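Engineer: model the structure of this input:
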Amino acid sequence: MKASLRPPCSRFRRVLRPPHDAWSGCLEAGKALAAVGLPGVSALLIAGVLAGCSSPPAAIDLTPQAEGEEPLRAASGNFARVADMIDARTGHSAVLLSDGRVLIAGGRGGSRAREATVMSGSQNNTSELFDPATGTWQRTGDLGAEREYLAMALLPDGRALVAGGEGYNNLVASSAEVWDPDSGAWSATGGMKQKRSHFPMVSLPDGRVMAIGGRDDQLRLLPSVEVYDPAAGTWSEAAPMRTSRAFHTATLLDDGRVLVVGGGAVEGPYLRSAEVYDPVADTWTSAGDMSVGRGFHSATLLSDGRVVIVGGKGKIRSAEVWDPATSAWTPAGDTTDPRAEHVAVLLPDSRVFVGGGVGNLASVEIFDSNTLSWSPGGSLTLSRYRYTATSLKDGRVLLAGGLSKDGILAESELYSP
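Structural biologist: From the prediction side, this is the model:
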């Protein structure tokens, strides 16, 4: 006999629908669901927060789902909303500090500019700190200049370095600043020789920081590379890449070399090529070609030293793995959803979390590097792209800001594997 009594609430939400049974329910604002299972039922109820109901459900609807209706996929982890950032932001940068907090700086947005669009929001110079122990944000010092599409890296002494980016009127910067965790203040340091935005920075094993490629204020792609010495507070030129790149990735390998992959102009064409930098010899060598050109993709160092590349603009679903021992590329399956401007993070169990992306995606997929296979990972609490993901010391992942169909986000959430 079917139980079909709805709660006295005009809005209810189905939270899990396995292949043969439909769960419906309504939660009071702020209430969370725990993971539960029922004997004989292949079901998992995902922890999360739902709002908009004035009273709890009087009963659960066990109506079987319609024939052919796609089931909601179960997650392998837990998503939980935490406090919103003080400022909404996208195109920002984030870094994990030595004390376990997360520093976020710059971007486009403003004070909770949820209604703003990427075009109407303005670059900002604010920064804030996330405390994983309390799940809250705290304002810290302001940058000396507005910066969007900046790069940030942690220095060996616990300070943080930011460089480049786009400021007022989208003017590209060469300047750099350093944040002091003791004072919470930013101060100017030596500037780069080249204006650049849309570029990665990599912290080298010797404590120096590399700024690699990017785009200048004439929208030209750059092959140039510069290295910052935190002891001297100055930049010096390194050997240029073999190919000019922006919207590319750079990954520090276990042996201290740096792998750079893909990139291109904002609307393409995107590069298939990859190259490796040796900081001891100050030389670049080819790392072979991928199966497809990629820009706005992700690159993640795996626990075994290989690197997995996922997605890219152009509705790319494919992934591939590069092996530093052979410099060879191997297909690594396809994601269910095409992904670009998404995030990808290595989890403590050596799997890779891949979430969100262009197209207002909220879906998450998990990559198993042992089998080169993909599995569903549930959904973010909000669709988002062009946001940051930071691995915390306890294994959780902080997801913050970005863009959605509603505009620039201040919302943040934690993923627990």
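
Engineer: quick one: the helices in this protein?
Structural biologist: Read by DSSP state H, the chain holds no helices at all.

Engineer: what about it, any weak spots by pLDDT?
Structural biologist: 1-76, 112-121 (pLDDT under 70).

Engineer: please parse it into its domains.
Structural biologist: As assigned by automatic domain parsing, the chain contains the domains 1-74, 143-240.

Engineer: what is the neighbour count of Arg215?
Structural biologist: 25 (other Cβ atoms under 10 Å). Using the backbone N, CA and C atoms, a C-beta is placed for each residue, glycine as well.

Engineer: span of stretch 219-226 from start to end?
Structural biologist: Stretch 219-226 has an end-to-end distance of 19 Å (Cα to Cα, to the nearest Å).

Engineer: make that stretch 301-316, sorry
Structural biologist: 20 Å.

Engineer: same question, stretch 282-300
Structural biologist: So stretch 282-300: terminal residues 23 Å apart, Cα to Cα.

Engineer: and what of stretch 273-291?
Structural biologist: 9 Å.

Engineer: okay, buried residues for it please.
Structural biologist: Buried residues in stretch 273-291, defined by neighbour count with 16 or more other Cβ atoms under 10 Å: Ser273, Ala274, Glu275, Val276, Tyr277, Pro279, Trp284, Ala287, Met290.

Engineer: and the residues you listed, which is closest to Asp157?
Structural biologist: The nearest member of the buried residues of stretch 273-291 to Asp157, counting by Cβ to Cβ, is Pro279 at 19.7 Å.

Engineer: my guess is the closest one meets Val258, correct?
Structural biologist: Yes: counting by Cβ atoms under 8 Å, Val258 is a contact partner of Pro279 at 7.2 Å.

Engineer: and for these two, which residues touch both?
Structural biologist: Common contacts of Pro279 and Val258 (Cβ atoms under 8 Å, 6 or more residues apart in numbering): Leu204, Met210.

Engineer: give the contact list for Ser327.
Structural biologist: Val276, Ser286, Ala287, Gly288.

Engineer: so what's Pro205 up against?
Structural biologist: Leu252, Gly256.

Engineer: one more time with 10 Å, if that's ok
Structural biologist: Pro205 is in contact with Pro156, Leu252, Asp254, Asp255, Gly256, Pro279, counting by Cβ atoms under 10 Å, 6 or more residues apart in numbering.

Engineer: in strands, which of the residues you listed appear?
Structural biologist: With strands defined by DSSP state E, the entries of those inside them are Leu252.

Engineer: which of the contacts of Pro205 ranks first by neighbour count?
Structural biologist: Top of the contacts of Pro205 by neighbour number is Pro279, holding 19 neighbours under the definition other Cβ under 10 Å.

Engineer: any figure for the gap between that residue and His342?
Structural biologist: 29 Å (Cβ to Cβ, to the nearest Å).

Engineer: which of the contacts of Pro205 sits closest to Asp99?
Structural biologist: Looking across the contacts of Pro205 and measuring by Cβ to Cβ, the closest to Asp99 is Pro156, at 14.5 Å.

Engineer: the closest one contacts Tyr228, correct?
Structural biologist: No: applying Cβ atoms under 10 Å as the test, Pro156 and Tyr228 come out as separate, 11.9 Å apart.

Engineer: hey, what's in contact with both of those two?
Structural biologist: Ser203, Gly207, Arg208, Val209.

Engineer: which of those count as buried?
Structural biologist: For the shared contacts of Pro156 and Tyr228, a neighbour count by 16+ other Cβ under 10 Å gives the buried set as Ser203, Arg208, Val209.

Engineer: now do the contacts for the residue lying closest to the first one once chain neighbours are set aside.
Structural biologist: Sequence neighbours aside, Ala153 is the residue nearest to Ser203 in space, at 4.9 Å (criterion: Cβ to Cβ, 6 or more residues apart in numbering). Contact criterion Cβ under 10 Å, 6+ apart gives 93, 95, 159-163, 200-204, 208-211, 228, 230 as the residues in contact with Ala153.
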